[in-house]
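> Everything below, folded, please.
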Amino acid sequence: MGAPVAYDPAEMRAAQAEAARLRAACDMLKGAPKSSRDDPNFVESFFSASRLHFIGMWKTRLESLMLSGVIGGPTPNPGPGAQVIFHVDLDCFFASVAESEHPLFSGKPLAVCHSNNAKGTAEISSANYEARKYGIRAGMFMAGAKQLCPDLIVVPYNFERYQEVSEQAYKIMMACSACVQPLSCDEAFLDVTGLGDPFQLASRLRADIQAATGCTASVGIGHNLLIARLATKRAKPDGQCHIQEAEAASAMLSLELSDLPGVGWATSKKLASLGLQSVADLQAWSKARLQAELGDKTGAALWDASRGIDTRRVAPPAVRKSLGAEVNWGVRFDSPQDATRFLGKLAEEVWTRMGAAGVQGRSLTLKLKKRKEGVYNPVKFMGHGICDNLSRTHTFHRPAHSAATIHRAACDMLTSLHVPHADIRGIGLGMSRGL
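Numbering: from 1, shown residues only. This is a model prediction of the structure:
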C-alpha cells in the first residue's frame, strides 16, 4: 500500500464533479435501492443493473459471434517445438473504460460501483492501479474503500460501453488466431503456435487493442495455459512477458497454492493438514506420496501443476447446451403469490435468453436459497446471507415451448420444496437440453 498522493485540488474537484454527474444520470442509481417487495418490475430492474447478468449475456453474444465464423484468423500451425499460448487480460477493465471515456479521471484513484455511500456495503467491481496503491481491491465494501482513500472517485457501471469495447477487443483477438477461448468479457486464451514471433505478435495485439478501444491489455506468453496466465501476472500492467519452458518449475514458486488449477477451499484445507503451505512444499513431495494422500487423480494433477505442467488445450466455445437466470439479492416476499409472480418474471427472462442463444431445453432446474434459521441479518444490505441451498428438477416430455410452460413447472417445484415464502432469499432457473 502506497503513501497518500497529493492530487491537484482543482483537477480532483473537476473529476469528482464529473463522477457525480455520471451517477446522477445513471437510471439504476435513481432512488433508494428496492427489493422484490417494493418494485413490481424488480426482476427486470435487477438484470438491467447486474454485472453478472452483463457477463452472462455477453458470453452468449460472443459465442454466437465466434461460432458464426464471420471473423476468421489464421489457424495455429503446430510444429516440432512447444505450443505458444497467449493469456490476454485487459487491465482494470471497467475502470479503464471509464478513464478512456473521461480522460479527466486518468492518474486519479477510481473505482466502479453501484454506490458512492461512504458508509455503505456496496461492493467495488473494478479499481484502477492508482486506487490499488491505497489497498483498494475489487470485492471490497465501499465503506472500507473510502476509509483507505477519501478522495476515491466512484463511477457507475456503463454496460453498453463495456459490451462495445469487449467486442472490439475480441474481434482483434479473433483476427490474430482462429483458436480463442473466452474466459470473461476482458480475458482470453489464444493459441498462436506457428503464427510468428510471439513477442512481436503480442506487441502488435496490444497496440491494436489500445488503438481501437483506448484501453490497455497485458499479455502473458507460455507453452501452456498455466504458465501463460502466470506470465500475465508478471506483465501487468500494460506489458507482456514470456516465461520459457525451462523456467516453468522455478517460476511456479511465486504462486500461492490457491492459484493452482483445482485448488479450492476443501483442497487447500487438506493440503494445510499435511503441512503443505507453498508450491515449494508441493515440489518437494513425490508424485506417489501426493497420490497416496490425495488420491491418484488429484495427487497427479497437483504434482504436475506445481512444476508448471499443464496438458489443457485452448478450447474455443462449443454450441451452448444450457443457460439460466438467478437472483440472489433483494429477494423478499410478503406472500406465496409474490413468489409465484416473481417466478413468472424469471421464467420470461429465461425464455428470452433461450431465444437469444438458440437453445431448446427439456430439463428445468429450480434453485432456491432458504434463510438459515437462527442467523443474523446479512452484512450486505438486502443480501441473501447464510442460506441452505435447495433444488428440484423437472423434465418435460418435449422441449419447453413458452415462458408460461416454464413458469408452471417452476411453481410446481417451488410448492414441492415446502419453503415458507418469507424464508426465500434467492431463486434461480436453469434450462438444459436434457436426454
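
> which residues touch stretch 251-258?
Residues outside stretch 251-258 that contact it (CB atoms under 8 Å, 6 or more residues apart in numbering): 227, 230, 233, 243, 263-264, 268, 271, 276-280, 282-283, 305-308. No exception for glycine: its C-beta is placed from N, CA and C like everyone else's.

> Please repeat the previous calculation with a cut-off of 7 Å.
227, 230, 243, 263, 268, 271, 278-280, 306-308 (CB atoms under 7 Å, 6 or more residues apart in numbering).

> and that stretch, how far apart are its ends?
15 Å (CA to CA, to the nearest Å).

> what do you get for stretch 236-247?
End to end - CA to CA - stretch 236-247 spans 19 Å.

> Can you list the neighbours in contact with it?
Contact with stretch 236-247 is made by 82, 91, 129, 198-199, 202-203, 206, 216, 218-223, 227, 230-231, 234-235, 251, as judged by CB under 7 Å, 6+ apart.

> Check which helix or strand residue 199 maps to.
Taking DSSP states H and E as the criterion, residue 199 maps to helix 198-213.

> Which stretches in the stretch 51-200 of the chain count as strands?
Counting by DSSP state E, counting those that start in this stretch, the segments of the stretch 51-200 of the chain that form strands are 85-90, 110-112, 126-127, 153-155, 180-184, 187-191.

> could you pull out the helices for the stretch 1-150 of the chain?
9-25, 42-48, 51-68, 93-101, 129-132, 142-148 (DSSP state H, counting those that start in this stretch).

> Backbone dihedrals for residue 309, both of them.
Backbone torsions of residue 309, given as degrees, to the nearest 10, read phi -90, psi 130.

> Count the residues that sit near residue 360.
The local packing of residue 360 (other CB atoms under 10 Å) involves 16 other residues.

> Offset the numbering so it begins at 377, please.
Let's use 377 as the start, then, which means that last one is residue 736.

> roughly how far apart are it and residue 725?
17 Å (CB to CB, to the nearest Å).

> again, but for residue 763
Counting by CB to CB, the gap from residue 763 to residue 725 is 21 Å.

> Between those two, which is the more surrounded one?
residue 725 (22 against 19).

> In a strand, that one, correct?
No: read with DSSP: H, G, I helix; E, B strand; the rest coil, residue 725 is helix and lies in no strand.

> unless I'm mixing things up, it is touching residue 701, no?
Yes: contact criterion CB atoms under 7 Å: residue 725 and residue 701 qualify, at 4.5 Å.

> List the contacts of residue 542.
434, 561-562.

> export these to a markdown table and tack on distance to residue 493, pLDDT and neighbour count?
What follows is the contacts of residue 542, written out as a markdown table (distance: CB to CB, whole Å; pLDDT from 0 to 100; neighbours: other CB atoms under 10 Å):
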| residue | distance to residue 493 | pLDDT | neighbour count |
| --- | --- | --- | --- |
| 434 | 28 | 73 | 20 |
| 561 | 26 | 90 | 25 |
| 562 | 27 | 94 | 25 |
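
> which one of the residues you listed is nearest residue 527?
Residue 527 lies nearest to residue 562 out of the contacts of residue 542, by CB to CB, at 26.0 Å.

> ok, the closest one to residue 466 distance?
Residue 562 is 4 Å from residue 466, by CB to CB.

> Please apply the same query to residue 460.
In terms of CB to CB, residue 460 sits 21 Å off from residue 466.

> and what of residue 612?
From residue 612 to residue 466 the distance is 11 Å (CB to CB).

> With neighbour numbers in mind, choose between the two.
Using other CB under 10 Å as the criterion, residue 612 and residue 466 rank with residue 466 on top: 25 against 19.

> Give me the local confidence score for the more buried one.
Looking at residue 466, its pLDDT stands at 98.

> ok, so what distance separates it from residue 610?
In terms of CB to CB, residue 466 sits 17 Å off from residue 610.

> centroid residue for the chain?
Centroid check for the chain by CA atoms, centre = their mean gives residue 560 as the closest residue, at 5.9 Å.

> Which pLDDT does the model give the nearest residue to residue 483 once chain neighbours are set aside?
Nearest residue to residue 483 in three dimensions, chain neighbours excluded: residue 506, at 6.3 Å (CB to CB, 6 or more residues apart in numbering). Per-residue confidence (pLDDT) for residue 506: 96.

> Let me know whether residue 506 touches residue 487 as I believe.
No: applying CB under 7 Å, one finds residue 506 not in contact with residue 487, separated by 10.1 Å.

> Alpha carbons only: can I get the helix or strand hosting residue 667 in PDB?
For residue 667, the element it lies in under DSSP H and E is helix 663-670. Once non-C-alpha atoms are left out, helix 663-670 reads as follows in PDB (Å, rounded to 0.1, in the frame of the first residue of the first chain):
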ATOM      1  CA  LYS A 663       4.000 -37.900  -7.100                       C
ATOM      2  CA  ALA A 664       3.500 -41.200  -5.400                       C
ATOM      3  CA  ARG A 665       3.300 -39.600  -2.000                       C
ATOM      4  CA  LEU A 666       0.800 -37.000  -3.100                       C
ATOM      5  CA  GLN A 667      -1.400 -39.600  -4.800                       C
ATOM      6  CA  ALA A 668      -1.300 -41.700  -1.600                       C
ATOM      7  CA  GLU A 669      -2.600 -38.700   0.400                       C
ATOM      8  CA  LEU A 670      -4.900 -37.100  -2.100                       C
END
